[in-house]
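J.: I would like the atomic coordinates for the input below:
(one chain, ligands or ions: 2)
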Amino acid sequence: MDLVNHLEDRLLFAIPKKGRLYNKCVEILNGSDIKFHRSQRLDIALSTSLPIALIFLPAADIPMFVGEGKCDLGITGLDQVREADIDVDLPIDLQFGSCKLQVQVPANGPYTDPKQLVGKTIVSSFTNLASKYFADLEGVPESQMTTKVRYVGGSVEASCALGVADAIVDLVESGETMRAAGLTDIATVLDTSAHLIQSKNPKSDGELIETIKSRIEGVMTAQRYVFCTYNAPRTNLQQLLQVTPGRKAPTIQDIADEGWVAVSAMIERNKKGSIMDELKKNGATDILVFEISNCRV
Ligand SMILES: Nc1ncnc2c1ncn2[C@@H]1O[C@H](COP(=O)(O)OP(=O)(O)OP(=O)(O)O)[C@@H](O)[C@H]1O
Ligand SMILES: O=P(O)(O)OC[C@H]1O[C@H](OP(=O)(O)OP(=O)(O)O)[C@H](O)[C@@H]1O
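T.: Numbers count the residues shown, from 1 in each chain. Ligands and ions are numbered 1, 2, ... in the order given. Got it, this is the predicted structure:
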């Protein structure tokens, strides 16, 4: 009870309690300097660095808690927000937990187009999204659709082989699970990834919410970019600057050699190999790339 008494005056931030999104969420909280200690079996942790209480909840329940304003902020998959059909703001796409909600059918079966499934039985953990999808396909309200949508809580991919479904609607990331179950996709219902979600009527101080968002954006930028420096001969400077234009503009500094300058700029992490190749080709020397541990841009 003591812990609960400390929740007043704190921003409640809902985090998936386990599962695929958990580790990345903890990485983002650490990167944002939202320090906390989560005791075993406890689903509430008070931050020691900001007036925040982290509430660890099932990913599927987070849209409801944020939508009803019980928590001001949360992290969960867009799929969970759409399935819950709850009106929340989606201020940051966190770009992890990316996968697709797809219509999957037996690879050696008769179905190649979702329209062929009208009137058949679909099994899914996402019954609301699946029902909406098939009602749209039939062009009728859900109450009048002939396609049957049944719920199972997990191992959805087994439903066709077990004879309970003609097709399934389930999340696909690498595609390995569906391949192993002899299934293939014929349509995508939704592309999803983890999002920061925000209540439409937050109770907390707007400044604290903005601080958290800005810190999370800083972590995302730090993950996306690395910091590159090199020495550039003045003769080739213009070509080199085109290779490293920076986020806003590159920094150029004189060095103790008149024919050269030092250049530094943020570059995209996933392009760093080709950027370094290009710099070298254009005469740059002493090319160094550093991790950015955090930033505000
Ligand atoms: N391959 C994947 N399969 C399922 N969900 C994924 C996948 N990749 C990313 N996700 C995202 O992770 C969210 C939560 O999935 P997960 O299955 O881990 O949650 P959970 O059901 O609460 O955990 P658990 O299955 O351990 O009980 C999904 O709603 C989706 O947004
Ligand atoms: O495309 P893949 O990378 O193979 O991932 C997709 C699988 O992962 C999820 O299941 P999960 O492992 O969460 O177990 P579940 O069946 O109990 O939901 C999802 O429901 C698929 O079965």
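J.: what about the residue of the stretch 51-200 of the chain found nearest ligand 1, how many residues close to it?
T.: Closest to ligand 1 within the stretch 51-200 of the chain is Gly77: 2.1 Å, counting by CB to the nearest ligand atom. Backbone N, C-alpha and C define where each C-beta goes, glycine included. Here the number of neighbours of Gly77 (other CB atoms under 10 Å) works out to 29.
J.: quick one, what contacts it?
T.: 21, 59, 97, 192-195 (CB atoms under 8 Å, 6 or more residues apart in numbering).
J.: so where do the helices sit in the chain?
T.: 2-5, 22-31, 62-67, 78-84, 127-138, 176-180, 206-224, 237-243, 272-281 (DSSP state H).
J.: In TSV, list those along with mean pLDDT.
T.: TSV is the format used below for the helices of the chain (pLDDT from 0 to 100):
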stretch	mean pLDDT
helix 2-5	64
helix 22-31	96
helix 62-67	98
helix 78-84	98
helix 127-138	98
helix 176-180	98
helix 206-224	95
helix 237-243	98
helix 272-281	98
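J.: nearest to ligand 2, of those helices?
T.: Of all those, helix 176-180 comes closest under CB to the nearest ligand atom, at 3.3 Å.
J.: right, is the closest one up against ligand 1?
T.: No - under the criterion of CB under 6 Å from any ligand atom, helix 176-180 makes no contact with ligand 1; the nearest approach is 7.5 Å.
J.: How far off centre is that helix?
T.: Centroid separation between helix 176-180 and its chain, computed with CA atoms, centre = their mean, to the nearest Å, is 23 Å.
J.: related to what we said a few turns ago, of the helices of the chain, flag the one that's most buried.
T.: helix 62-67 (a mean of 24; mean count of other CB atoms under 10 Å).
J.: Against which helices or strands is that one packed?
T.: Helix 62-67 makes packing contacts with strand 11-16, strand 73-77, helix 78-84, strand 194-198 when contacts are defined by 3 or more CB pairs under 8 Å, 6 or more residues apart in numbering; DSSP states H and E.
J.: Export those to CSV and append columns for distance to Ala187.
T.: Below are the helices and strands packed on helix 62-67 laid out as CSV (distance: least, CB to CB, whole Å):
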stretch, distance to Ala187
strand 11-16, 27
strand 73-77, 19
helix 78-84, 15
strand 194-198, 23
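J.: Return the residues in contact with Trp260.
T.: Contacts of Trp260 (CB under 8 Å, 6+ apart): 231-234.
J.: try 6 Å
T.: Shown in contact with Trp260 (CB atoms under 6 Å, 6 or more residues apart in numbering): 231, 233.
J.: From Pro63, how far off is it?
T.: Distance of Trp260 to Pro63, computed by CB to CB, to the nearest Å: 55 Å.
J.: For the residue nearest in space to the middle of the chain, list each beta-bridge partner.
T.: Centroid check for the chain by CA atoms, centre = their mean gives Ala194 as the closest residue, at 2.9 Å. With DSSP bridges as the criterion, Ala194 is bridged to Gly77.
J.: Give the full set of residues in contact with Pro51.
T.: Contact analysis of Pro51 by CB under 6 Å, 6+ apart lists Arg10.
J.: ok, back up a step: looking at the contacts of Gly77, spot the one nearest Asn282.
T.: Using CB to CB, Ser193 comes nearest to Asn282 of the contacts of Gly77, at 36.1 Å.
J.: give me phi/psi at the closest one?
T.: phi -160, psi 170 (degrees, to the nearest 10).
J.: Walk me through the domains of this structure.
T.: Following automatic domain parsing, one gets these domains for the chain: 2-96+194-204, 99-192, 225-290.
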